[in-house]
Every structure is written in structure tokens, then in C-alpha cells.
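J.: have a look; sequence and predicted model below, questions after that.
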Amino acid sequence: EPELPPSAYESIKIKGLPAFEERWADFRYCKWPEVPEFPIGEWSNVSSKSQGLADMFAKLNEPWVEMFATVKSKRESIKVITLSHFVPRQELVPEKRFLITSELPKVVGSDLIERQLRQVKSDLHVFGHTHIPIDLDVEHVRYLQWSLGMQRKGKDA
């Protein structure tokens with residue numbers, strides 16, 4: 001979905017509602033190490049274009065991805081279930097107009113997860129993070145998220 005122009009946000013701002021970065025705990029509580037080969041950059045607001053965090057976590061998965069891709073190529077009949085905390089594809093997040101906050105799609109996932117689950121020929125991918133239930137088949141992979149609850153982190157959670 002395209003972004004609204006900055007001028008449009010001014011007319012729809014809710015008086016007294018803190019900025020998304022103040023409401024989303026990850027911006028306040030997560031401290032990431034500086035890893036030279038994965039420059040995280042300024043990851044303190046939703047307008048950041050840094051892919052350093054996603055790249056760093058994808059790199060940690062690579063040895064496993066290679067191993068499982070090899071196993072699957074030798075044994076086509078096995079079923080592969082992959083898991084991630086984060087959302088692997090943008091279409092698994094509802095459209096902005098159905099969300100409590102339109103900023104959510106910017107902080108919930110990475111296309112790198114999708115690339116890796118495709119490499120291992122996943123049959124079922126179970127994921128979380130958004131607490132929005134979904135059960136959807138896309139291009140021969142079943143994607144499933146079924147949140148069992150949500151701990152309230154604060155009055156705006």
C-alpha cells in the first residue's frame with residue numbers, strides 16, 4: 001500500500017496520541033550490537049531504510065537453510081515446517097485500513113524470511129509477531145499464525 005503524503009498525517013493525527021516510535025516498545029527497549037558487516041544504522045523510527053537487522057538475522061539462518069535444502073533435495077517426500085517470529089511476506093499483514101496503526105507493516109517482518117523458507121521448500125510456515133490470526137496458502141506454502149493471547153505491555157498495547 002502506498003504511503004500517505006506527510007501533509008495528510010497532520011489532518012488525521014489523534015490529539016494526545018504519542019508517536020508510533022514511542023508506543024512501539026522495540027524502539028525503546030531493543031539494543032542491537034554494532035556488527036561491521038551489517039550496519040544497522042539509525043533504527044529508531046519507522047522512516048529508517050536500514051536493512052541491517054534483517055540481514056544480520058538472515059545470515060544467522062544461512063547454515064541451517066543450506067543443510068535443510070540439501071536434505072530436502074535428497075528426500076522429496078519429507079514435509080518441511082519452518083518457523084519464524086516475524087512475518088515472511090507483506091500480504092500476510094492486513095491492509096492498513098484494517099489495522100489499529102498503519103505503521104505496523106513497517107516493523108513486523110522481512111522478505112528475507114520468505115526467500116529462506118522457499119530455499120528449503122517449506123510446506124508449512126508458522127509465524128507470529130502481529131497477533132493477527134491467518135491461515136493462507138500462497139504459492140504452494142501454507143502460512144499459519146494463530147495467536148493464543150496477548151500480554152498487555154501498557155495501556156496503548
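T.: That came through fine.

J.: now the spatially most central residue of the chain. Its backbone dihedrals?
T.: By CA atoms, centre = their mean, the chain has its centre lying nearest to residue 109, at 1.3 Å. When read as degrees, to the nearest 10, the backbone of residue 109 gives phi -170, psi -170.

J.: and what of the one 4 residues further on?
T.: Summarising the backbone geometry of residue 113 under the convention degrees, to the nearest 10, its torsions are phi -60, psi -40.

J.: what's the spacing between the residue nearest to it when sequence neighbours are not counted and residue 54?
T.: Spatial nearest neighbour of residue 113, excluding adjacent residues (CB to CB, 6 or more residues apart in numbering): residue 88 at 3.8 Å. Using the backbone N, CA and C atoms, a C-beta is placed for each residue, glycine as well. Using CB to CB, to the nearest Å, we find residue 88 at a distance of 11 Å from residue 54.

J.: give me the more crowded residue out of these two.
T.: residue 88 (23 against 17; other CB atoms under 10 Å).

J.: measure the more buried one to residue 116 for me?
T.: Distance of residue 88 to residue 116, given as CB to CB: 8 Å.

J.: and what of residue 105?
T.: Relative to residue 116, and taking CB to CB, residue 105 is found at 20 Å.

J.: what's the answer for residue 16, then?
T.: For residue 16, the distance to residue 116 - CB to CB - is 42 Å.

J.: again with residue 148
T.: Distance, residue 148 to residue 116, using CB to CB: 25 Å.

J.: helices of this structure, residue ranges please.
T.: In the chain, the segments counted as helices under DSSP state H are 6-12, 20-23, 25-29, 52-74, 111-119.

J.: okay, those in JSON lines with distance to residue 94 next?
T.: Listed next are those as JSON lines, based on distance: least, CB to CB, whole Å:
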{"stretch": "helix 6-12", "distance to residue 94": "19"}
{"stretch": "helix 20-23", "distance to residue 94": "17"}
{"stretch": "helix 25-29", "distance to residue 94": "20"}
{"stretch": "helix 52-74", "distance to residue 94": "21"}
{"stretch": "helix 111-119", "distance to residue 94": "18"}
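
J.: return the most buried member of these.
T.: Among the helices of the chain, ranked by average contacts under mean count of other CB atoms under 10 Å, first place goes to helix 111-119 (a mean of 19).

J.: now that helix, how far from the chain's geometric center?
T.: Mean-position distance between helix 111-119 and its chain equals 12 Å (CA atoms, centre = their mean, to the nearest Å).
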